[in-house]
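Asker: Kindly return the folded structure for what I paste below:
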Amino acid sequence: MERFPKEKIYTLDSAQDAILLLRHLGDQKLSSIRWRDTRPHILARSVNFEPNPEQGLLGTLKVSGFLRGRPLSVNGLIHIPGYGEFQMKEIDSPPDPCPLKSHPRKKKSKADEMNIDEDKDQAMDEDINVLEVVDTAKQESLQAEAEMDPMEGEQTWPTEEEMADAEGMPC
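Answerer: Modelled structure (predicted):
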């Protein structure tokens, strides 16, 4: 499927040609990208890995960003390209880092400016809303649906009878 259904080559020898090209570009309609419409995906703003000291390399990956596409269920699996499928623990809603309406800021003293980072971290922790927590009874398993059978498709040696029958048949 083509991204632009009616592709043409335009020359830009004059201002009139440029106007025709702009008109053509304005009339184009993009076809929708299927995977964006059928799957949830995240535009990650920040990623933080917190290792579990008791389990070595295992830990919790916290991804903060913007969810696009279909709704995301905490009971489903997520795929991280290059790493595989993982289960989620919960989905939180932190405050919007880029709000549409900006709040008027008060002038702060030098002492207040020194504590901005600490206050921001505390405010972020307080404003987080838990949207969904995993239900272990409904959570998808990491077990693959189609298990590989090592004996499936194994080729056996022909018996003596099969060899004799094969030799007696005309080619």
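Asker: do you know how far the most centrally placed residue in the chain is from residue 22?
Answerer: Taking CA atoms, centre = their mean, the centroid of the chain lies closest to residue 41, which sits 3.9 Å from it. Here residue 41 is placed at a distance of 32 Å from residue 22 (CB to CB, to the nearest Å). Every C-beta, even on glycine, is put in place using the N, C-alpha and C of the backbone.
Asker: rewinding a little: in this structure the residue nearest to the centre of the chain contacts residue 68, no?
Answerer: Yes: using CB atoms under 8 Å, residue 41 is in contact with residue 68, at 5.4 Å.
Asker: residues touching the closest residue to residue 92 other than its chain neighbours, list them.
Answerer: Among residues not flanking residue 92 along the chain, residue 128 sits closest, at 5.0 Å (CB to CB, 6 or more residues apart in numbering). Residue 128 makes contact with 92, 93, 94, 95, according to CB atoms under 8 Å, 6 or more residues apart in numbering.
Asker: Cross the residues you listed against strands and list the overlap.
Answerer: In strands, defined here by DSSP state E, the members of the contacts of residue 128 are 92, 93.
Asker: pLDDT weak spots in this protein?
Answerer: Scanning the chain for pLDDT under 70 picks out 1-7, 102-126, 145-146, 171.
Asker: if you set the cut-off to 50 instead, what comes out?
Answerer: Scanning the chain with the threshold set as pLDDT under 50 gives 1, 117, 119-124.
Asker: which stretches of it form helices?
Answerer: For the chain, the helices defined by DSSP state H occupy 15-27, 34-38, 110-114, 116-127, 160-168.
Asker: ok, residue 142 touching residue 85?
Answerer: Yes: between residue 142 and residue 85 there is a contact at 6.4 Å, judged by CB under 8 Å.
Asker: Closest one to residue 168 out of the contacts of residue 128, please.
Answerer: The shortest approach to residue 168 among the contacts of residue 128 belongs to residue 92, at 74.3 Å (CB to CB).
Asker: Contacts only, for that closest one.
Answerer: By CB under 8 Å, 6+ apart, residue 92 lies in contact with 128, 129, 130, 131.
Asker: For it, name its beta-bridge partners.
Answerer: In this entry, residue 92 is beta-bridged to residue 130, by DSSP bridges.
Asker: give me the beta-bridge partners of residue 60?
Answerer: residue 50.
Asker: what residues are up against it?
Answerer: 49, 50, 52, 89.
Asker: Confirm for me that the third one is in contact with residue 58.
Answerer: Yes: under the criterion of CB under 8 Å, residue 52 makes contact with residue 58 at 5.2 Å.
Asker: on that earlier part again, quick one: which of the contacts of residue 60 is most hemmed in?
Answerer: residue 89 (13 neighbours; other CB atoms under 10 Å).
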